[in-house]
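>>> compute the structure for the input listed below.
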Amino acid sequence: MKSKPLLILFLICFSLFLFLGFRASQAVFSGEGKPKGSLPDSGVPVLLEEGSSNSAPGDPFTLLILVDDLGALNPVLDGVWLSRSSDGGQGSLFFPIFPSQADDGDRRDTNLQGAFWLEESHQPSQQFQTILRDRNLSWHQIILLDRFALEEIGLILAEINPSYQPLNPVGLAGMSYTVENRLTVQGNQALFIHDLCAQLPLAPHNELLQRFLEGFAGHLVVVDTTPLAVTRMWGSVSYCLFPTLLLPTAD
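Below you'll find the predicted structure:
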């Protein structure tokens, strides 16, 4: 007879932890309805890097990798971001992976940077991907861009919208990874992405989408997707959020 109360108590505790787990997952990945660059309600950046990034197939995660030159023999890693759509595809969430936000971020950066190279298939090395998966991160597709592609994107957007200020070589250099300025670099990359998102959504068949479909002449690589699929995915995006960051203020 004593087993029945214990069973009831177990079911109550199990249901409580299940509910709390569900609410916690909502808190990490929900960004709907918040303004650009907003933070979770607590106002304190939260660390995604140790959390799971599994999502439904209809809401895929994208691993965005920034390098210096995809045409180089050994491209240098500048940034890694994990992104996913939000608000029914109207928004996009961005989480910084490299530079890392962790307390031991400099060590993590060194490990990840040392494991990065491109294989013959132009995919990031398996060692690089294993390190990220060991941090409980997952993704469905990969996009690699270099500084030339970023510069061209800025110039095209400036032609579309004269008020948009593209980065000059000095500004682009500010997005290049250095150990000493790792968090500044992270903030500069976030601001660049934020400003790009402010120009969205783009009109169909414009030059930027066409250049993306053409692969930016070797300065763009996509893995497990196609440029056409990527452009369709971004066709309705009109804002971007950075739930784990306090965006720096542009001077």
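>>> distance of Ile153 relative to Thr130?
In this view, Ile153 and Thr130 are 30 Å apart by Cβ to Cβ, to the nearest Å. Quick note: C-beta positions are derived from backbone N, CA and C, even for glycine.
>>> neighbour-wise, which of those two wins?
Comparing Ile153 with Thr130 by other Cβ atoms under 10 Å, the one with more neighbours is Ile153, at 21 against 11.
>>> what sits against that one?
If you count contacts by Cβ atoms under 8 Å, 6 or more residues apart in numbering, Ile153 has them with Leu196, Leu208.
>>> next up, identify which helix or strand it is on.
helix 147-160 (DSSP states H and E).
>>> residues of that helix that come out buried?
Of all the residues in helix 147-160, those buried under the rule 16 or more other Cβ atoms under 10 Å are Arg147, Phe148, Ala149, Leu150, Glu151, Glu152, Ile153, Gly154, Ile156, Leu157.
>>> the fifth one: what's its closest spatial neighbour, skipping adjacent residues?
Counting by Cβ to Cβ, 6 or more residues apart in numbering, the nearest residue to Glu151 once its immediate chain neighbours are dropped is Leu172, at 6.0 Å.
>>> quick check on the one you found: phi, psi?
Main-chain dihedrals, Leu172, degrees, to the nearest 10: phi -60, psi -40.
>>> then Leu82?
According to degrees, to the nearest 10, Leu82 has phi -110, psi 130.
>>> residues near it, how many?
20.
>>> now do the SS call for the closest residue to it other than its chain neighbours.
Distances taken as Cβ to Cβ, 6+ apart place Phe95 nearest to Leu82, at 4.6 Å, with adjacent residues excluded. Put simply, Phe95 is strand when judged by DSSP: H, G, I helix; E, B strand; the rest coil.
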